[in-house]
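A.B. asks: sequence and predicted model, in that order:
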Amino acid sequence: MKIGGRIIYSGPLGQRSSRVIEYFESIPGVPKIKDNYNPATWMLEVTSPSAEAALGVDFGQIYEGSTLYHENEELVKQLSSPTPGSKELHFPTRFPQNGWEQLKACLWKQNLSYWRSPSYNLVRIIFMAFGALLFSLLYWQKGKKM
């Protein structure tokens, strides 16, 4: 995507980004990728707003006029319509699980996150014990003196 949300490429990457490289190198004026250069970095460099202005092209407009764009549009239309004989999707509730199952799943996930790093928990317990001991010593018998 480019600034403004316009798509400049949507399609298969290919092995080692070969399809993306072929697509952008086929645009007149776009420099070829150097050997052993990162394809993602190259693509960001050649499609930047400054490079687009220097070439005098609009990559969004080029993509919208490409056969890849029309193939993608056809694919979206094809996949958007249900197959003949299929049933309408129906879900009895808004949620896949009832409230009790959701609570159990959340508690289990919280349990896993706490015990993922036992050393961290040990340090927390030690600090809490130290803090409790410190405050108990600071306020030892302070209530009796008033």
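C.D. replies: Yep, that arrived.
A.B. asks: where does pLDDT dip in the chain?
C.D. replies: Judged by pLDDT under 70, the chain has its weakly predicted residues at 145-146.
A.B. asks: for it, what's the longest helix?
C.D. replies: Ordering each helix of the chain by length in residues (DSSP state H) puts helix 118-138 first.
A.B. asks: now for residue 114, how many residues are close by?
C.D. replies: 12 (other CB atoms under 10 Å). No exception for glycine: its C-beta is placed from N, CA and C like everyone else's.
A.B. asks: should've said residue 48
C.D. replies: By other CB under 10 Å, the residues close to residue 48 number 14.
A.B. asks: can you pull the phi/psi pair for it?
C.D. replies: Phi and psi for residue 48, reported as degrees, to the nearest 10, are phi -60, psi 160.
A.B. asks: could I get the contacting residues of the residue most central in space within the chain?
C.D. replies: Of all residues in the chain, the one closest to the mean position by CA atoms, centre = their mean is residue 1, 14.7 Å from it. When contacts are counted by CB atoms under 8 Å, 6 or more residues apart in numbering, residue 1 touches 7-8.
A.B. asks: and it, how far is that from residue 108?
C.D. replies: For residue 1, the distance to residue 108 (CB to CB, to the nearest Å) stands at 38 Å.
A.B. asks: ok, residue 34 next?
C.D. replies: As it turns out, when the distance is counted by CB to CB, residue 34 lies 50 Å from residue 108.
A.B. asks: now the helices for this structure?
C.D. replies: Taking DSSP H to define them, one finds helices in the chain at 18-25, 39-46, 49-55, 59-64, 67-80, 99-114, 118-138.
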